[in-house]
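Chemist: Structure for this input, please:
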Amino acid sequence: MRPLAIAIVAALAGAPFRAPASPAITLNGVNIEGVTDQKFENCTVVIDGMGNVDIQAKGYAVRTSEEPPRSKPQQAGSGGGVSLKPGVWSGGGVATSPTLPAPKVSRRYFIAVENTPPGPQFDLGIFVNAQWIREVKSNEFSAVLEITKYLRPGQNKVTLAATKRIVGDRLAYTKDVSLRVVGGEGNIGADHLMIDVPLFETARTAADMDDKTEEFVFDAR
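Modeler: Coordinates of the predicted model:
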């Protein structure tokens, strides 16, 4: 293998030296060399085997200010400048794509929790779309939570984690003492919650001793 290695070195030594070409920088396949002080969000950067860099960014397009034919994209700095849509580049910065507000649900959504006295001794942890909301303690005989701001249009998930917590004596043993949870579309008026469209419901009783976690998936609108 040594003679082969020497032959390769000799061949390279005898070849004329050529400076490597600078790698091209393109945006969605269009050359943008010379553009500075730019920031592209939500994009993919591809570097090919020659070191050329292509920035693949949805929502951006490149054109010269003189609008040459698409088949002959003008290089940055070689004429009237380059426009990066959205926004116009003229040696300064480029306006990034406007951030649209996230869509919101138009209805109101609630979770109502009720503990029958003296209580089944379950603490209830509440999560909405994997986000911790709060824990309703076993000594809270009623609680109302509006969860509208945690929801998005379409599919959502509520997770309820009931944990048996006996501190001191066990208060009740029968099924008529219960923790009941109802969730759905509704409204509040005159300190009264009305759930018009129930979407999920569950219960644990004083006779139950095991912890239980349940997930409820529903569509918000």
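Chemist: Identify each of the helices in the chain and give its residue range.
Modeler: 2-14 (DSSP state H).
Chemist: In it, where's the longest strand?
Modeler: strand 192-205 (DSSP state E).
Chemist: Direction included, what does it pair up with?
Modeler: Strand 192-205 sits in its sheet next to strand 178-189 (antiparallel), going by DSSP bridges.
Chemist: Low-confidence ranges, the chain, go.
Modeler: The chain contains residues with pLDDT under 70 at 1-21, 37, 59, 61-99.
Chemist: which residues in it form strands?
Modeler: So, for the chain - with DSSP E - the strands run 25-27, 30-31, 43-47, 53-57, 61-64, 82-85, 109-115, 122-128, 131-136, 142-146, 154-164, 178-189, 192-205, 212-220.
Chemist: Break this protein into its domains for me.
Modeler: What automatic domain parsing lists as the domains of the chain is 23-99, 109-220.
Chemist: Mind putting those into CSV with mean neighbour count?
Modeler: Placement of C-beta: from N, CA and C, glycine included. Formatted as CSV, these follow (neighbours: other Cβ atoms under 10 Å):
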stretch, mean neighbour count
domain 23-99, 14
domain 109-220, 15
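Chemist: Please name the bridge partners of the closest residue to Asp48 other than its chain neighbours.
Modeler: Of all residues not flanking Asp48 in the chain, Asp54 sits nearest, at 7.5 Å (Cβ to Cβ, 6 or more residues apart in numbering). Asp54 forms beta bridges with Thr26, Val46, as assigned by DSSP bridges.
Chemist: so what's Asp54 up against?
Modeler: Shown here is Asp54, whose contacts under the criterion Cβ atoms under 8 Å, 6 or more residues apart in numbering are 26-29, 45-48.
Chemist: between the strands of the chain, which one is nearest to Pro103?
Modeler: Pro103 lies closest to strand 154-164 among these, at 8.9 Å (Cβ to Cβ).
Chemist: Relative to that closest one, what are the paired strands and their orientations?
Modeler: Here strand 154-164 has these sheet partners by DSSP bridges: strand 122-128 (antiparallel), strand 212-220 (antiparallel).
Chemist: Tell me what angle the last one forms with strand 109-115.
Modeler: Relative orientation of strand 212-220 versus strand 109-115 (axes from the mean of the first three to the mean of the last three Cα atoms, to 10 degrees): 150 degrees.
Chemist: Tell me how far strand 212-220 lies from the chain's centre.
Modeler: 19 Å (Cα atoms, centre = their mean, to the nearest Å).
Chemist: got it, and the shortest one?
Modeler: For strand 122-128, the separation from the chain centroid amounts to 23 Å (computed by Cα atoms, centre = their mean).
Chemist: So which of the strands paired with strand 154-164 is nearest His192?
Modeler: Closest of the strands paired with strand 154-164 to His192 is strand 122-128, at 21.3 Å (criterion: Cβ to Cβ).
Chemist: hang on, the earlier thing: mind putting the contacts of Asp54 in TSV, distance to Phe216 included?
Modeler: Converted to TSV, these look like this (distance: Cβ to Cβ, whole Å):
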residue	distance to Phe216
Thr26	48
Leu27	45
Asn28	43
Gly29	47
Val45	41
Val46	42
Ile47	46
Asp48	48
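Chemist: between those residues, which is closest to Phe200?
Modeler: Val45 (43.8 Å).
Chemist: Find the residue closest to the closest one in space, skipping its chain neighbours.
Modeler: Val45's closest residue in space is Ile55 (Cβ to Cβ, 6+ apart), at 5.6 Å.
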